[in-house]
Every structure is written in structure tokens, then in C-alpha cells.
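Asks: I'd like to go over a predicted model; first the sequence, then the structure.
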Amino acid sequence: MPVTTRLPLRLLAWALFCLLLLVAWRSLPLLEDWLSPKQAAPRTVSARGDLAADERSIIELFENARDSVVFITTSRQVRDLWTRNVFTVPRGTGSGFIWDDAGHVITNFHVIEGASEAAVKLSDGRSYRAVLVGASPAHDIAVLRIGVGFRRPPPVPLGTSGDLRVGQKVFAIGNPFGLDWTLTSGIVSALDRSLSSDKGVSIEHLIQTDAAINPGNSGGPLLDSAGRLIGINTAIYSPSGTSAGIGFAVPVDTVNRVVPQLISAGRYVRPALGIEIDESLNQRLQRVLGVRGVVILRVAPGSAAAAAGLRGVTRAADGSIVAGDIVTAVDGKPVETVGRLLARLDDHRVGETVRLGILRQGQQIEVAVVLEPGV
């Protein structure tokens with residue numbers, strides 16, 4: 001009985017051994033191939049052919065404009081309360097571009113706001129300490145100056161924003177997230193946009209674009225397809241702080257009007273009427289009075305508005321508010337907010353005459369006013 005039980009087990013073990021040996025023998029070539037070193041050559045590169053015409057034009061645009069774009073770093077000085085020592089700490093970064101042969105650099109006001117020092121780095125690696133020439137917070141424009149000797153970069157060619165069309169191509173150059181000299185492209189998405197800052201200052205006449213404008217791109221140039229400057233990249237609309245396809249640029253026509261004053265006088269003098277207005281109060285008065293426009297609160301004695309006969313708000317004997325004049329248009333263009341009124345006036349120069357649409361006691365009239373220097 002024990003002999004007949006062991007024999008099948010031995011046969012089964014022998015059969016299993018033979019099966020394993022057969023499998024190992026068949027796998028030997030694969031094992032040798034796996035263990036032996038492989039001899040491989042790089043793949044043949046396919047011929048690319050010529051670049052497309054639009055690619056060549058974009059490359060040329062970037063290479064021509066790159067040297068005119070600068071990288072700006074700012075810092076501020078702080079004093080230690082215990083040691084009374086003064087330290088310089090980094091504040092932020094931004095972009096800018098060469099404006100003229102005198103070494104003036106244009107950037108956004110918010111790039112240098114709150115800084116005590118600024119350094120400008122050129123595309124060839126040279127870095128210069130910059131001095132502030134002037135700034136206009138209302139336009140988010142600042143002018144710096146650097147001494148670049150005889151190897152100064154060329155200014156960015158100047159274009160115009162007055163004839164921009166929605167849908168035309170635009171290109172932004174800057175330093176998003178500190179990445180040097182980056183090119184992004186898009187189209188003009190909209191024109192004459194308004195944007196309010198967290199400080200309540202409204203910037204008007206902005207160009208809206210879907211070209212990626214990320215933190216650090218602020219102050220860089222927005223170019224048209226001919227490589228001409230058409231705006232300054234200034235802001236994005238994004239809860240996350242990154243580009244979401246809604247970027248804004250200050251139009252070059254505004255830049256070309258503001259910058260010469262900043263260079264020559266250090267500040268920009270806005271054309272004014274000589275009236276007192278307030279945005280938050282104006283919104284409440286619009287609701288109370290049921291009107292659309294800018295309510296003149298007060299007319300300054302001896303001002304251009306006074307000479308034109310404009311009237312401010314008064315109070316009746318019972319204490320109720322009696323509306324004076326309400327500005328509804330400037331040269332036929334409607335205005336409904338204080339920011340839009342200031343922007344319409346800003347399209348002109350001091351000494352020019354504008355025609356105001358005025359709502360007075362329910363009647364629509366037109367009054368001519370010679371613009372005076374604003375405070």
C-alpha cells in the first residue's frame with residue numbers, strides 16, 4: 001500500500017520538473033536579449049521646412065522689441081524699532097520700457113508705489129539704479145530715469161490707440177512671475193473700459209485684451225502687429241491673481257499725453273471745470289433725484305464753471321435738496337459717473353473749450369466752458 005501511494009507523487013514531481021525546464025529553455029533567448037546591452041541610434045530628424053509667415057513676423061517683432069523692454073525691481077527702507085538700524089527690503093517687481101534717448105523708462109505707478117528705491121535691468125544684463133521723474137496715479141503711469149551712457153537701448157516705436165479695432169492682434173512683453181522677457185499674444189477684446197482700484201480710483205479708456213498679463217507683466221508694452229506701442233499693460237481681472245483672459249492696458253494716446261508733462265514738470269495737471277463733485281454722493285443723488293449724470297455740488301468762485309454760469313446744489317427753505325446743474329455729456333459723449341466725466345475732460349488740454357450737456361430744471365441745454373488747470 002505505501003509503495004503504490006509514492007509512485008504517482010514521484011511521477012507528478014518529475015513531470016513538473018520537466019515542464020519548468022522546458023519553459024526555462026524556451027525563455028533563454030529572451031533572457032539573453034534582456035541581459036545583453038542594446039545598440040540604439042538617435043532617430044532621424046524630419047525636415048521642418050520654412051516657418052510660416054505669421055511665425056516669422058512674430059519672431060521678428062519680439063526680437064526687435066526685446067531690447068527696449070526692462071525688468072524693474074523695487075525695494076523700501078525700514079527701520080528696526082529696537083536697534084534703530086535702517087534695512088532695505090525687497091518690495092516687488094514689474095516691467096517697463098524705454099521711452100526716449102534720454103533714458104526715460106515708463107512703467108505703472110503701482111509698480112513703484114510705496115518703494116524708496118528702484119533698479120532697472122536691461123536685456124543685456126546691465127542694471128541701473130533709477131530715479132523717479134514723475135507719476136500720475138489717476139492714469140497708473142510713472143516715469144523713471146536711468147543713465148545708460150552710449151549703449152542705450154532703442155525706444156519702443158510709438159503707435160496710436162485711437163484707431164484700434166476689436167479683434168486685431170496684440171502682443172504683450174514683460175516679466176510675468178519674474179520670468180525674464182516673455183511674449184504673449186491675443187486680440188483686442190474691448191475698448192474704452194473702466195477699472196476701479198481698491199483705493200477707489202477709477203482708470204478710464206482702458207484697452208481690454210485676452211493676451212496673458214500676469215503679475216510682473218505690469219508696466220510692459222502692449223504692441224500691435226507692426227511692433228508699435230499701443231498701450232501699457234496695467235492690470236488683470238482675476239480672483240486667483242493669474243491671467244483669466246481679461247487683461248487691461250492704458251492706451252498709448254493717454255500715455256503720449258501724460259508722459260511729456262511728467263518729464264517736464266514732474267506731475268500731470270488735469271484739465272478741470274472748477275466744480276466740486278463726489279462719486280459716492282453722486283450715486284445717492286442720482287437715486288434721490290431720479291436722474292442720470294454728474295450732479296454739480298458746488299461751483300468754485302472765479303472758476304471756469306462760474307464764468308460759464310454753471311450752478312451747484314442748493315437747499316430749499318424746508319431743508320430739501322434743490323438740484324442745480326447736472327452734467328450729462330461732454331462734446332456729445334454721455335457721462336453717467338464722475339470717473340467718466342473726468343476721463344472725457346482728460347481727452348482735452350487746459351485752455352481748450354468743451355461743450356457740456358447740462359440738465360437744468362428739467363430742461364436740456366448746452367454750455368461752453370474753457371478748461372482750467374485742476375488742483
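Replies: Everything's here; your move.
Asks: let me know the pLDDT of residue 297.
Replies: Looking at residue 297, its pLDDT is 90.
Asks: hmm, it is touching residue 275, no?
Replies: Yes: with contact defined as CB atoms under 8 Å, residue 297 and residue 275 form a contacting pair (7.5 Å). For the C-beta atoms, the positions are set from N, CA and C on the backbone; glycine is no exception.
Asks: joint contacts of these two?
Replies: Here residue 297 and residue 275 have residue 312 as joint contacts, going by CB atoms under 8 Å, 6 or more residues apart in numbering.
Asks: and the most centrally placed residue in the chain, what element?
Replies: By CA atoms, centre = their mean, the mean C-alpha position of the chain lies nearest to residue 234, the distance being 2.2 Å. Assigned by DSSP states H and E, residue 234 falls within strand 229-236.
Asks: which element follows that strand toward the C-terminus?
Replies: Next along from strand 229-236, by DSSP H and E: strand 247-251.
Asks: in its sheet, what does that next one sit against?
Replies: strand 202-209 (antiparallel), strand 229-236 (antiparallel) (DSSP bridges).
Asks: need the winner for burial among those.
Replies: strand 229-236 (a mean of 26; mean count of other CB atoms under 10 Å).
Asks: that one: how far from the chain's middle?
Replies: 4 Å (CA atoms, centre = their mean, to the nearest Å).
Asks: any idea how far the nearest residue to residue 336 once chain neighbours are set aside is from residue 307?
Replies: Counting by CB to CB, 6 or more residues apart in numbering, residue 336 lies nearest to residue 292, which is 5.3 Å off, once chain neighbours are set aside. Here the criterion is CB to CB, to the nearest Å. By it, residue 292 lies 26 Å from residue 307.
Asks: now do residue 352
Replies: 15 Å.
Asks: now the strands for the stretch 51-200 of the chain?
Replies: Assigned by DSSP state E, counting those that start in this stretch, the stretch 51-200 of the chain shows strands spanning 69-79, 86-98, 104-107, 117-121, 127-136, 141-145, 169-174, 182-196.
Asks: pipe these into TSV and attach distance to residue 268 and mean neighbour count per row.
Replies: Shown next, in TSV, are the strands of the stretch 51-200 of the chain (distance: least, CB to CB, whole Å; neighbours: other CB atoms under 10 Å):
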stretch	distance to residue 268	mean neighbour count
strand 69-79	20	19
strand 86-98	18	18
strand 104-107	13	27
strand 117-121	20	19
strand 127-136	4	18
strand 141-145	8	25
strand 169-174	24	23
strand 182-196	18	17
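Asks: for the strand holding residue 234, give the mean pLDDT please.
Replies: On average, strand 229-236 scores 88.
Asks: over to stretch 114-121?
Replies: 89.
Asks: can I get the CA coordinates of it in CSV?
Replies: The C-alpha coordinates for stretch 114-121 follow below in CSV (Å, rounded to 0.1, in the frame of the first residue of the first chain):
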residue,chain,number,x,y,z
GLY,A,114,5.5,102.7,-1.8
ALA,A,115,9.1,102.0,-2.9
SER,A,116,12.1,104.0,-1.9
GLU,A,117,14.4,102.5,-4.4
ALA,A,118,14.1,101.0,-7.9
ALA,A,119,16.6,99.2,-10.2
VAL,A,120,16.2,98.7,-13.9
LYS,A,121,17.7,95.7,-15.6
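Asks: other residues contacting it?
Replies: 70-77, 88, 91-92, 96, 105, 112, 127-130, 132, 144, 146.
Asks: ok, now stretch 55-70?
Replies: 51, 95-98, 105, 120-124, 153-156, 171, 173-174, 181, 183, 185, 220-221, 223, 225, 227.
Asks: output the below-cut-off pLDDT ranges for the stretch 151-300 of the chain.
Replies: Judged by pLDDT under 70, the stretch 151-300 of the chain has its weakly predicted residues at 178, 197-201, 236-245.
Asks: residue 354 sits in which helix or strand?
Replies: Assigned by DSSP H and E, residue 354 falls in strand 353-360.
Asks: out of the strands of the stretch 51-200 of the chain, which is closest to residue 254?
Replies: strand 141-145 (7.8 Å; CB to CB).
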